[in-house]
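Asker: here you go, sequence then predicted model.
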Amino acid sequence: MNEILHILDEYGYAVVSAVLSADDAAATAEALQSVPLSGAGTRNLLEYSWCRDLVQRFRADSSLQAVLPPTTVAVQCTLFDKTEDRNWLVALHQDLSIPVEARTDHPSLAGWSQKEGRYFVQAPVGLLDRLLAVRVHIDDCGADNGPLRVVPGSHRHGRLADEAARELRGVLGEVICSVEAGAALLMRPLLLHASSKARAPRRRRVLHFLFGPASLEFGLRWQHAV
């Protein structure tokens, strides 16, 4: 088995260095200047051609090809832009919602919502297990800048209620994910994760790409598929 795939299977996350060069990170930062934000970021970056170009670049990256086979598509890219003025914390959770084209009635689907004019639904565990987040860092993120804290191996325990999630964190422990600019943190959506406010706030921009299978069950269709 490919080493990154093995790490993802065992721990639910992995860090891959230099998926963007310093010049590419700088160019992406410049492109982000023209993206209108409401609050701490936006979920709709795949609407931009430069963002779709990044998807193709990641597909061609030899270090990512094993985790991004041709059968997968990018279905969302979210910007998280943490600054001194926008310095937030995120409680322990799993990523359960996916972006879809329209609402569909099916007993396996629940937790419908609308965000930024788009439909989201909480997907069944079998689908969530097939998804991968690729969190590309535009800026360095050290231990004092509000990095993700993850619970290794928690993705193997299915969907967890809040109390069960906290208990599992107590058993498995937490890891702080410091990530350099241009590197990517790969993670499974069911991996328990959280983040604190930055203690020494500096700008921390992350592009959170979500990849999944090209076609969906339950009558669902992706909003975007790149």
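Answerer: Thanks, I have the structure now.

Asker: okay, the residue nearest to residue 21 when sequence neighbours are not counted: pLDDT?
Answerer: Counting by C-beta to C-beta, 6 or more residues apart in numbering, the nearest residue to residue 21 once its immediate chain neighbours are dropped is residue 182, at 6.4 Å. (Glycine included, C-beta is placed from N, CA and C.) The score at residue 182 is 97. That number is its pLDDT.

Asker: how far away is residue 182 from residue 27?
Answerer: 11 Å (C-beta to C-beta, to the nearest Å).

Asker: which one's more surrounded, the two?
Answerer: Counted by other C-beta atoms under 10 Å, residue 182 and residue 27 do not tie: residue 182 has more neighbours, with 21 against 13.

Asker: doesn't that one fall inside a helix?
Answerer: No. The assignment for residue 182 (DSSP: H, G, I helix; E, B strand; the rest coil) gives coil, which keeps it out of a helix.

Asker: and it, what does it touch?
Answerer: Shown in contact with residue 182 (C-beta atoms under 8 Å, 6 or more residues apart in numbering): 17-22, 24-25, 136-137.

Asker: which among those count as buried?
Answerer: 19-20, 24-25, 136-137 (16 or more other C-beta atoms under 10 Å).

Asker: against residue 116, how distant is residue 49?
Answerer: 19 Å.

Asker: over to residue 77?
Answerer: Using C-beta to C-beta, we find residue 77 at a distance of 13 Å from residue 116.

Asker: what about these two, which has more around it?
Answerer: Higher neighbour count among residue 77 and residue 116: residue 77, with 24 against 11, using other C-beta under 10 Å.

Asker: in contact with the more buried one, which residues are there?
Answerer: Listed by C-beta under 8 Å, 6+ apart, the contact partners of residue 77 are 43, 45-46, 51, 54-55, 207-210.

Asker: follow-up on the earlier one: dump the contacts of residue 182 to CSV, plus secondary structure and pLDDT.
Answerer: Converted to CSV, those look like this (DSSP: H, G, I helix; E, B strand; the rest coil; pLDDT from 0 to 100):
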residue, secondary structure, pLDDT
17, coil, 94
18, coil, 93
19, coil, 96
20, coil, 96
21, coil, 93
22, helix, 92
24, helix, 94
25, helix, 94
136, strand, 98
137, strand, 97
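
Asker: common neighbours of residue 77 and residue 116, please.
Answerer: In terms of C-beta under 8 Å, 6+ apart, residue 77 and residue 116 are both contacted by the residues residue 43.

Asker: helices and strands around the lowest-mean-pLDDT helix or strand in the chain, which ones?
Answerer: Least confident helix or strand of the chain, by mean pLDDT, DSSP states H and E, is strand 41-42 with a mean of 84. For strand 41-42, the packing partners by 3 or more C-beta pairs under 8 Å, 6 or more residues apart in numbering; DSSP states H and E come out as strand 72-82.
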